[in-house]
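J.: pasting the structure only:
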């Protein structure tokens, strides 16, 4: 055997492959998966039915422009469909933005505990990643702006942020955009927008519109993977200035969205009552889960998503708590990969599932953490 002479770009070999939330445990009969921030109730009924109806047309190529889906998104959110680009999850759009605007010699800026795909896709593009310290696990606008330099091409902000759950109010996001040079693209990742109930929040569409003619340098990304329950179909979208839309349409694959995903997405957008009930459930049970964990002596960081960040104070305690939960069939997400080794991220599941977590971690704090 001879060593391979074919070598990738050096930046590719710095990438640690993304690891999704676990979904199985050996030797455990009932699994409760609370590791991937999936919707508590799965996909809406209309989306399931639309998916089934699509089965008879799977031999047909999909609409490469996602015309019907973009129109439905425009109607649902009051946006111009011509300024919407759809992707195989918002992850694909994030990667396309990195490839189009980043690359060798470019920097991307993100908060220290921002979504890991920003870093992975930046390295794929060949960019250098600048991680900026947060303040109380919340993005620090002043620190982000101070980190912007002559090589900076993109700045990514998840709002609400995953995995911390923190939120920047609208005025702070506007201040961030106002402080950026016009050649830096601000990407606002609003994957968890539907779960936010605070009045001082705006997902990013208004800021995209405000940037027109003043840099055209803001993009908002959204997903169907969370409250719409379509994570398995990989469907996301962005709203952007015309020039950015033109760039993305030049580089995306011709049929990057499959037909079944598109018809399910259109149907899900029409389930207004389902979404409202899901938001109400999340608001109620996020608070109940938080209160239950805090009563057990666990710190819970404020969250505006469909998850909470439980802080055990020490990495060893968090590992022991994770093992305790896994023994009981409860899978949550360890946060060592996000630089938060003392924390576990817990998805807000059904009422029963939240109750199981509170009961299990209450028992851990009373009995299981002894000797950690």
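T.: Cool, got the structure. All of these numbers come straight from a predicted model, not from anything done at the bench.

J.: hey, where'd the helices end up in the stretch 151-300 of the chain?
T.: For the stretch 151-300 of the chain, the helices defined by DSSP state H, counting those that start in this stretch cover 170-179, 205-211, 242-251, 259-269, 272-295.

J.: what element comes up after the helix or strand containing residue 96 heading to the C-terminus?
T.: Using DSSP states H and E, residue 96 sits within helix 89-101. Downstream of helix 89-101, the first helix or strand assigned by DSSP H and E is strand 107-111.

J.: mind listing what that next one pairs with, with the direction of each?
T.: Strand 107-111 pairs in its sheet with strand 128-132 (parallel), strand 152-158 (parallel), by DSSP bridges.

J.: just the angle between the longest one and helix 89-101, please?
T.: In other words, strand 152-158. With axes from the mean of the first three to the mean of the last three CA atoms, to 10 degrees as the basis, strand 152-158 and helix 89-101 are set at 170 degrees to each other.

J.: pLDDT on strand 152-158, on average?
T.: Over the span of strand 152-158, the pLDDT mean works out to 98.

J.: Start the count at 30 instead of 1 going forward.
T.: In the new numbering, first residue 30, that becomes strand 181-187.

J.: neighbouring contacts of that strand?
T.: Identification of contacts with strand 181-187 by CB atoms under 8 Å, 6 or more residues apart in numbering yields 123, 126-127, 130-131, 135-140, 143-144, 147, 151, 156, 159, 168, 173, 177, 197, 202, 205, 209-210, 212-218, 220-221. For glycine as for every other residue, the C-beta is placed from the backbone atoms N, C-alpha and C.

J.: quick one, it and helix 199-208 angle?
T.: Going by the same axes, to 10 degrees, strand 181-187 makes 170 degrees with helix 199-208.

J.: what's the most buried one of the strands paired with strand 136-140?
T.: Of the strands paired with strand 136-140, the one with the most neighbours on average (mean count of other CB atoms under 10 Å) is strand 181-187, at a mean of 25.

J.: follow-up on the earlier one: need the buried ones from the contacts of strand 181-187 selected in ChimeraX.
T.: Remark: buried members of the contacts of strand 181-187, expressed as a ChimeraX selection using 16 or more other CB atoms under 10 Å:
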select :123,126,127,130,131,135,136,137,138,139,140,143,144,147,151,156,159,168,173,177,197,202,205,209,213,214,215,216,217,218,220,221
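
J.: Tell me which other helices or strands the helix holding residue 125 touches.
T.: Judged by 3 or more CB pairs under 8 Å, 6 or more residues apart in numbering; DSSP states H and E, the packing partners of helix 118-130 are strand 113-116, helix 145-154, strand 181-187, strand 214-218, strand 247-252, strand 265-268, helix 271-280.

J.: For residue 330, find the nearest of the ones you listed.
T.: Among the helices and strands packed on helix 118-130, strand 181-187 comes nearest to residue 330, with 14.6 Å by CB to CB.

J.: any idea of the angle the closest one forms with helix 145-154?
T.: With the same axes, to 10 degrees as the basis, strand 181-187 and helix 145-154 are set at 160 degrees to each other.

J.: Centre of the chain to strand 181-187, how far?
T.: Distance of strand 181-187 from the chain centroid (CA atoms, centre = their mean, to the nearest Å) equals 15 Å.

J.: before we move on, what about stretch 134-143?
T.: Distance of stretch 134-143 from its chain centroid, counting by CA atoms, centre = their mean, is 16 Å.

J.: what's it in contact with?
T.: 127, 131, 147-148, 151, 154-163, 166, 168-169, 173, 176-178, 180-187, 190, 192-193, 367-369.

J.: swap in stretch 309-320?
T.: 69-70, 224, 226, 256, 329, 332, 335, 337, 375, 377-380, 383, 386-387.

J.: tell me which residues in that stretch are buried?
T.: Buried residues in stretch 309-320, defined by neighbour count with 16+ other CB under 10 Å: 310-312, 314-315, 318-319.

J.: contacting residues around residue 304?
T.: 73, 223, 256-257.

J.: about what we covered before: so which of the contacts of stretch 309-320 are in strands?
T.: If you go by DSSP state E, the contacts of stretch 309-320 have 329, 337, 375 in strands.

J.: Identify the farthest-apart pair in the contacts of residue 304.
T.: Applying CB to CB across the contacts of residue 304, the maximum distance is between 73 and 223, 12.6 Å.

J.: Retrieve the pLDDT associated with residue 204.
T.: Residue 204 is assigned 97 on the pLDDT scale.

J.: Same list, the helices of the stretch 180-329 of the chain, but as JSON lines with distance to residue 117 please.
T.: As requested, the helices of the stretch 180-329 of the chain are exported to JSON lines (distance: least, CB to CB, whole Å):
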{"stretch": "helix 199-208", "distance to residue 117": "27"}
{"stretch": "helix 234-240", "distance to residue 117": "22"}
{"stretch": "helix 271-280", "distance to residue 117": "13"}
{"stretch": "helix 288-298", "distance to residue 117": "8"}
{"stretch": "helix 301-324", "distance to residue 117": "22"}
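
J.: winner for burial among the ones you listed?
T.: Of all the helices of the stretch 180-329 of the chain, helix 288-298 carries the top mean neighbour count, a mean of 23, counting by mean count of other CB under 10 Å.

J.: ok, residues contacting stretch 231-251?
T.: Stretch 231-251 is touched from outside by 106, 108, 112, 119, 122-123, 126, 188, 199, 202-203, 206, 209, 211-220, 222, 265-273, with contacts defined as CB under 8 Å, 6+ apart.

J.: Could you tell me how far that stretch lies from the centre of the chain?
T.: 18 Å.

J.: again with stretch 350-368
T.: Distance, centroid of stretch 350-368 to centroid of chain: 19 Å (CA atoms, centre = their mean).
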